[in-house]
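> please find the sequence and the predicted model below.
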Amino acid sequence: MLFSENMTMSIDSAKTLQGTITPSLNFQTEKENALTFKNSANINLLIHRDRVVNLLNKFEFSSYGKEVTLSGGYIHGEYRYLLDHAFEVYPYAESQWAGSRGMAFKFSSGLQSRYRLVHSPSTLVFAAAGLFYEYEEWERATPTPHGVKCIQPPHQESPLGECEQQTGRELGTHGHGHPPSNTGHIFQ
């Protein structure tokens with residue numbers, strides 16, 4: 001879930017529509033063609049001085065030849081409703097992806113509320129509460145550290161066990177330099 005309070009701009013009550021859209025395209029011919037495209041957007045639509053629709057977007061794509069080296073971004077939308085001068089409620093929905101890290105898709109939606117405790121020219125402090133739902137799809141499993149394998153001895157009934165760093169010995173309470181016994185997990 002994105003913490004949108006850090007990304008949204010201060011709302012100017014004199015402007016109905018405000019924001020930025022910042023695209024960037026870079027193409028270079030090297031040994032292979034290198035392409036980078038980025039886009040960021042932060043748009044606020046003020047409705048009747050007490051409601052705001054915030055739209056946030058970030059997209060990044062880089063390739064070198066036919067290999068994609070970076071693909072990721074998010075889109076976030078929220079509807080803020082100011083119930084009191086210091087209290088607001090806002091439903092939101094967002095989607096994220098980070099293909100180069102293995103996250104194919106993420107969706108989150110919820111309802112949040114916040115109360116402004118401190119409002120000064122240099123400081124804002126809020127108390128917040130909310131409910132949300134999140135769903136993720138990953139393209140690959142969590143990687144295991146290189147060279148670590150966990151072998152479970154046949155006498156152990158539980159298929160769940162903890163794997164530690166590779167030691168070449170059995171981990172247990174025996175002293176250093178003693179030959180391993182047949183208890184616990186053996187790491188190779």
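All right, it came through fine. What you are looking at is a predicted structure, and each value in this text was computed from that prediction instead of being measured.

> any idea of the mean pLDDT for stretch 103-114?
Average pLDDT, stretch 103-114: 91.

> would you list the phi and psi of G99?
With angles defined as degrees, to the nearest 10, G99 sits at phi -60, psi -40.

> any idea how many residues pack against it?
15 (other C-beta atoms under 10 Å). From N, CA and C alone the C-beta is placed, and that goes for glycine too.

> F27 now?
Neighbourhood size, F27 [other C-beta under 10 Å]: 9.

> please, which helix or strand holds it?
Assigned by DSSP states H and E, F27 falls within strand 17-29.

> go on, F107?
Counting by DSSP H and E, F107 is found in strand 103-119.

> which other residues reach that strand?
Strand 103-119 is contacted by residues 1, 72, 86-97, 124-139 when judged by C-beta atoms under 8 Å, 6 or more residues apart in numbering.

> give the next helix or strand downstream of that strand.
Later in the chain than strand 103-119, the nearest helix or strand by DSSP H and E is strand 124-138.

> and the angle from that next one to strand 103-119?
Relative orientation of strand 124-138 with respect to strand 103-119: 170 degrees, computed using axes from the mean of the first three to the mean of the last three C-alpha atoms, to 10 degrees.

> now do strand 124-138, average pLDDT.
Across strand 124-138, the average pLDDT comes to 90.

> CA atoms only for that strand, dumped as PDB, please.
Written as PDB, here are the backbone C-alpha positions of strand 124-138 (Å, rounded to 0.1, in the frame of the first residue of the first chain):
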ATOM      1  CA  LEU A 124       1.600  18.400  10.300                       C
ATOM      2  CA  VAL A 125       0.600  15.500  12.600                       C
ATOM      3  CA  PHE A 126      -2.200  13.100  11.900                       C
ATOM      4  CA  ALA A 127      -3.900  10.100  13.600                       C
ATOM      5  CA  ALA A 128      -5.300   7.600  11.100                       C
ATOM      6  CA  ALA A 129      -7.200   4.400  10.900                       C
ATOM      7  CA  GLY A 130      -8.400   2.300   8.000                       C
ATOM      8  CA  LEU A 131      -9.400  -1.000   6.500                       C
ATOM      9  CA  PHE A 132      -7.900  -2.400   3.300                       C
ATOM     10  CA  TYR A 133      -7.700  -5.500   1.100                       C
ATOM     11  CA  GLU A 134      -4.500  -6.400  -0.800                       C
ATOM     12  CA  TYR A 135      -3.800  -9.100  -3.500                       C
ATOM     13  CA  GLU A 136      -0.500  -9.900  -5.100                       C
ATOM     14  CA  GLU A 137       0.700 -12.200  -7.800                       C
ATOM     15  CA  TRP A 138       4.400 -13.100  -8.100                       C
END
